[in-house]
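Colleague: need coordinates for the below:
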Amino acid sequence: QHTLQTDASDRLMQFANSPLPHALPAWLTLSRDDAAMLSAMITGDRSYLGSALRTPFERTGSFHLLVVSGLHLGIFAAFVFGLGRRLRVDRLPLTALTFLSSFAYALLTGFGQPVQRAFAMLALYLIGRLLYRDRGRLNSLGFAALCLLVLDPHALFDAGLQMTLLTVVAVAGIAIPVMDRTSAPFLTASRFINAVGMDTAFEPRLAQFRVTLRLLGEHLEQRVSRRPRRTRYAQNALAHAIHWSLLFFDLCLVSATIELAMALPMAVYFHRVTASGLLVNILIVPALGLLLPAALLTMAALLISPHFAWLPAAATAGMLHVVLVIVRVCSAWHMSVGSGRRHSLDRKSTRLNSSH
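Modeller: The predicted structure is shown next:
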C-alpha cells in the first residue's frame, strides 16, 4: 500500500515539475504545491504537504478535503456507479464493479479507519440494493456501527468514530427527512415541466406548482419576444433556475446541519469552533464532487503516459485553484472561538480530520 501511494505521488510530483507540450496559463497549470495537495487528496500521502499549505485549510475547518476519508470514497463510488449506469451496465456487474473498484481505491489510500467505516456502509448499501431490500438509512448506520464495535469495542470512545456517526446521523436523521418534507417534492415536480400529461401524477399542490411555472414562463416569454417560438425557452430556463435553487437549498441545509451537529463535539474534544466552516463547506464540497473525479482521471492518464494527462490536469488545476481562492479568502477573515494556544489546536484539528 505504501509503495503504491508513494509511486502515485511521485508520478504526480514529476508531472507538475515537467514542461507541458502545450502552453497553458498558470491558472490551468499544476504547480508543485498543487500536486502536493492532490497527492494528499487522492492517495492519502501527505508527505509533500507543508505547513504553509495546511494552515488555510486548518483555519477554515476544511482540512478534511486534504484527508482521504469517507467523503472521498463516497464520491469515488458514486462516480463509478454513475458512469456505469450511463453506460447501461447491468445491475449485478455494476454492483460488483463498484464494490471492487471502491475496495481497490480504499487499499490504495492505506485503508485507514475512516475509509474502513465508509467502505463497510457502502458494502451494506450495495448488498441491500442488489437484494431489492428497503435501504433504511439509520438501520444501515446502526448495523455498520455495531459491526465496527464488535471488531473493536474500544472504538466506542474514539472521537473520530463518534463524530463520523454523528455526521451521518445528522444527515440521514435530520437533513434528509427535512428535505423530504420541504424541497424534495418540488425538486421532482420541477423536472420535465413542459410535459403537461405528467401533472396528474403529482398531488394537487405540486400539480399547481407545475402549472404556475408554465404560466410564469409563458408570461416571461411574451415579455421577452412577441414572436411565437416552437420551443419554450423561458419556461425551461425558469424551471432550471428553480431546480438549481432547490439543490442549493439542500446543500445549505446539509452543510448547516453537519456544522451545528459538530459544534459541540468540536468544542468538547478540541476546544474550537470555526465560524467560517459553514460558508467554506457550502462552497467547496460541491466543487470536490467535480475535482476528485478530474484528479483521478489525471492520475489514471499519468499511469498511461504524461502526454495524455495534460487535458484532465488542466481541468483539475482550474477547479483546484477555485477551491484555493475560496479557502484563502475565508481564511483571511476567519474567526474562531477557543481556549488559546492556536498552534496546538491546529495540530489537534489536523489529527481529528485524519481520523474523521
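Colleague: can you count the residues close to Ala332?
Modeller: 11 (other CB atoms under 10 Å). Every residue, glycine included, has its C-beta placed from N, CA and C.
Colleague: quick one: it and Tyr48, what's the gap?
Modeller: 24 Å (CB to CB, to the nearest Å).
Colleague: three-state assignment of Val178?
Modeller: Of the three states, Val178 takes helix according to DSSP: H, G, I helix; E, B strand; the rest coil.
Colleague: go ahead and confirm it touches Val254.
Modeller: No. The criterion here is CB atoms under 8 Å, and Val178 misses it with Val254 at 9.5 Å.
Colleague: who's more crowded, the two?
Modeller: Neighbours per residue, other CB under 10 Å: of Val178 and Val254, the larger number sits with Val254, 20 against 15.
Colleague: so the more buried one is in contact with Val171, correct?
Modeller: Yes. Using CB under 8 Å, Val254 makes contact with Val171 at a distance of 5.9 Å.
Colleague: so where's the stretch 151-300 of the chain uncertain?
Modeller: For the stretch 151-300 of the chain, the stretches flagged by pLDDT under 70 are 223-232, 234, 272-276.
Colleague: just the helices in the stretch 51-200 of the chain please.
Modeller: 51-59, 70-86, 91-108, 113-130, 137-151, 159-169, 176-181, 183-189 (DSSP state H, counting those that start in this stretch).
Colleague: just put those helices in CSV and tack on distance to Thr298.
Modeller: As requested, the helices of the stretch 51-200 of the chain are exported to CSV (distance: least, CB to CB, whole Å):
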stretch, distance to Thr298
helix 51-59, 19
helix 70-86, 14
helix 91-108, 15
helix 113-130, 21
helix 137-151, 32
helix 159-169, 28
helix 176-181, 33
helix 183-189, 32
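Colleague: quick one: which of those helices is nearest Pro312?
Modeller: For Pro312, the closest of the helices of the stretch 51-200 of the chain is helix 70-86, at 13.3 Å, according to CB to CB.
Colleague: show me what that closest one packs onto, helices and strands only.
Modeller: Judged by 3 or more CB pairs under 8 Å, 6 or more residues apart in numbering; DSSP states H and E, helix 70-86 is in contact with helix 91-108, helix 113-130, helix 277-304.
Colleague: and Pro185, which of these is closest to it?
Modeller: It's helix 277-304; of those, that one is closest to Pro185 (CB to CB) at 22.1 Å.
Colleague: just give me the neighbour total for the residue lying closest to Leu290 once chain neighbours are set aside.
Modeller: Leaving aside its chain neighbours, Leu290 sits nearest to Met319 (5.8 Å; criterion: CB to CB, 6 or more residues apart in numbering). Using other CB under 10 Å, Met319 has 18 neighbouring residues.
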